[in-house]
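Engineer: quick one: sequence plus predicted model below, questions after.
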Amino acid sequence: MTAKPRPLVAGNWKMNGLKAALGEIEAMARGCDAALRARVDLLICPPATLAGAAVGAAGGLIAIGGQDCHPKAAGAHTGDVSADMLKDLGAAYVIVGHSERRADHGETSALVRAKAQAGLRAGLVAIICVGETEGERKAGRTLEIVGAQLRDSLPEGASATQVVIAYEPVWAIGTGLTPTAADVAQVHAFIRAQLGQAMGAQGAGVRILYGGSVKPSNAVELMGVANVDGALVGGASLTATDFLGVAAAYR
Ligand code: PEP
C-alpha cells in the first residue's frame with residue numbers, strides 16, 4: 001500500500017513582485033519552524049526575474065519554482081525560460097498549464113504535457129494545473145473537462161514524486177469564491193481514480209492540490225477534504241503572514 005502523499009503548500013506569485021518582495025520570502029523562511037516543515041513542504045513560485053534571488057532568500061527552507069517553462073532545453077525562443085534554466089538557478093518545481101496561461105497564451109494540453117516532460121527531463125517536479133470554467137461547471141461538464149485535461153497533460157511514465165496535480169476551478173481563482181467541500185471531494189476523488197488508471201500504483205502517491213481563493217480562514221476546511229494533499233495559493237501567497245497562515249492548516 002502506498003503511503004499518503006506528503007502535503008505541499010505552493011504559492012504562485014504570478015506577475016507580482018519586485019526585489020523588495022524578497023523580504024516576504026525571508027520572513028516565510030524565518031516563520032516556518034521545524035515542526036511545520038516536518039509536516040508540510042513549502043514552495044514559492046515567484047516571477048522568473050526573482051527566482052534566482054528567491055533561492056537565496058528562502059535559505060533552503062522553502063523550495064522555489066518557476067511558473068512556466070518552454071518545452072525545449074535551449075534555442076531561439078526569445079523571452080522564454082527553459083526548465084533547465086530554472087533547475088540551474090536552484091528551482092525544484094515548475095508550474096505548467098495554469099489556467100491563465102491556457103487562456104492568455106492559448107496553451108493546449110498537448111503543449112502542457114510537453115512542458116511537463118521538459119520539467120521532468122531537467123529534474124524538476126511538474127505541477128500540472130487542471131480545472132473547469134464557470135460555464136463548464138454550470139453545464140455539468142466539470143469531470144469531463146478535468147478528465148480530458150489530465151489525460152492529455154500528464155507525461156507518460158512519470159513517477160508519483162515527479163508530478164503534482166493542481167485542481168483549480170477557473171471561476172474560483174482570484175474571485176473569493178470556492179467550491180463546497182463536497183464538490184472538491186468529488187473532483188479530487190475523480191482525479192485520484194484517473195491517476196490510478198494512468199499510472200497504476202504510482203497514482204496513489206501523487207499529490208493533488210486544491211487551488212482557488214485559498215486563504216488562512218478557509219484552509220483548514222479545504223485541506224481537510226479527502227484526497228486534498230495541499231494547496232496552490234495565489235493572492236494569499238504574496239505575504240508571509242497569509243502564506244504561513246494557510247500552511248498552518250497542517251500544524
Ligand atoms: C492561482 O493563481 O493559482 C490561484 C489559485 O489564485 P488565488 O489563490 O488568488 O485564487
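Structural biologist: Sure, I can see it.
Engineer: ranges for the helices of the chain?
Structural biologist: Ranges of helices in the chain, per DSSP state H, are 22-31, 34-37, 48-58, 83-88, 99-104, 109-122, 134-138, 142-153, 181-199, 216-223, 240-247.
Engineer: could you check how far the closest residue to the ligand within the chain is from residue 95?
Structural biologist: Proximity of the chain to the ligand (CB to the nearest ligand atom) peaks at residue 234, 2.1 Å away. Backbone N, C-alpha and C define where each C-beta goes, glycine included. Relative to residue 95, residue 234 is positioned 11 Å away (CB to CB, to the nearest Å).
Engineer: for residue 53, same thing?
Structural biologist: Distance, residue 53 to residue 95, by CB to CB: 19 Å.
Engineer: before we move on, what about residue 221?
Structural biologist: For residue 221, the distance to residue 95 - CB to CB - is 24 Å.
Engineer: so between these two, which is more surrounded?
Structural biologist: Neighbours were counted for residue 221 and for residue 95 using other CB atoms under 10 Å; residue 95 has more, 27 against 14.
Engineer: quick one: contacts for that one?
Structural biologist: Taking CB atoms under 8 Å, 6 or more residues apart in numbering, we find residue 95 in contact with 10, 12, 45, 65, 66, 67, 68, 127, 129, 166, 232.
Engineer: compare these and tell me which has the most neighbours.
Structural biologist: Neighbour max across the contacts of residue 95 (other CB under 10 Å) = residue 127, 29 neighbours.
Engineer: my guess is that one contacts residue 93, does it?
Structural biologist: Yes: Residue 127 is within contact range of residue 93, at 5.8 Å (criterion: CB atoms under 8 Å).
Engineer: just checking, residue 238 touches residue 20?
Structural biologist: No: judged on CB under 8 Å, residue 238 makes no contact with residue 20 at a distance of 12.0 Å.
Engineer: what about these two, which has more around it?
Structural biologist: Using other CB under 10 Å as the criterion, residue 238 and residue 20 rank with residue 238 on top: 20 against 7.
Engineer: export stretch 214-234 as PDB, just CAs?
Structural biologist: The C-alpha coordinates for stretch 214-234 follow below in PDB (Å, rounded to 0.1, in the frame of the first residue of the first chain):
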ATOM      1  CA  VAL A 214      -7.400  29.600  -0.600                       C
ATOM      2  CA  LYS A 215      -6.700  31.800   2.400                       C
ATOM      3  CA  PRO A 216      -6.000  31.300   6.100                       C
ATOM      4  CA  SER A 217      -9.700  31.400   7.000                       C
ATOM      5  CA  ASN A 218     -10.700  28.500   4.700                       C
ATOM      6  CA  ALA A 219      -7.500  26.500   4.600                       C
ATOM      7  CA  VAL A 220      -8.400  24.100   7.400                       C
ATOM      8  CA  GLU A 221     -11.700  23.100   5.800                       C
ATOM      9  CA  LEU A 222     -10.300  22.800   2.300                       C
ATOM     10  CA  MET A 223      -7.100  20.900   3.400                       C
ATOM     11  CA  GLY A 224      -9.200  18.500   5.400                       C
ATOM     12  CA  VAL A 225     -11.100  17.200   2.400                       C
ATOM     13  CA  ALA A 226     -10.200  13.600   1.300                       C
ATOM     14  CA  ASN A 227      -7.600  13.500  -1.400                       C
ATOM     15  CA  VAL A 228      -6.600  17.100  -0.900                       C
ATOM     16  CA  ASP A 229      -2.800  17.000  -0.400                       C
ATOM     17  CA  GLY A 230      -2.100  20.700  -0.100                       C
ATOM     18  CA  ALA A 231      -2.900  24.000  -1.900                       C
ATOM     19  CA  LEU A 232      -1.800  26.100  -4.800                       C
ATOM     20  CA  VAL A 233      -2.200  29.600  -3.500                       C
ATOM     21  CA  GLY A 234      -2.200  32.900  -5.500                       C
END
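Engineer: around the ligand, pick out the residues from this protein.
Structural biologist: Applying CB under 6 Å from any ligand atom, one finds that the chain approaches the ligand through 12, 14, 168, 173-174, 211-214, 232-236.
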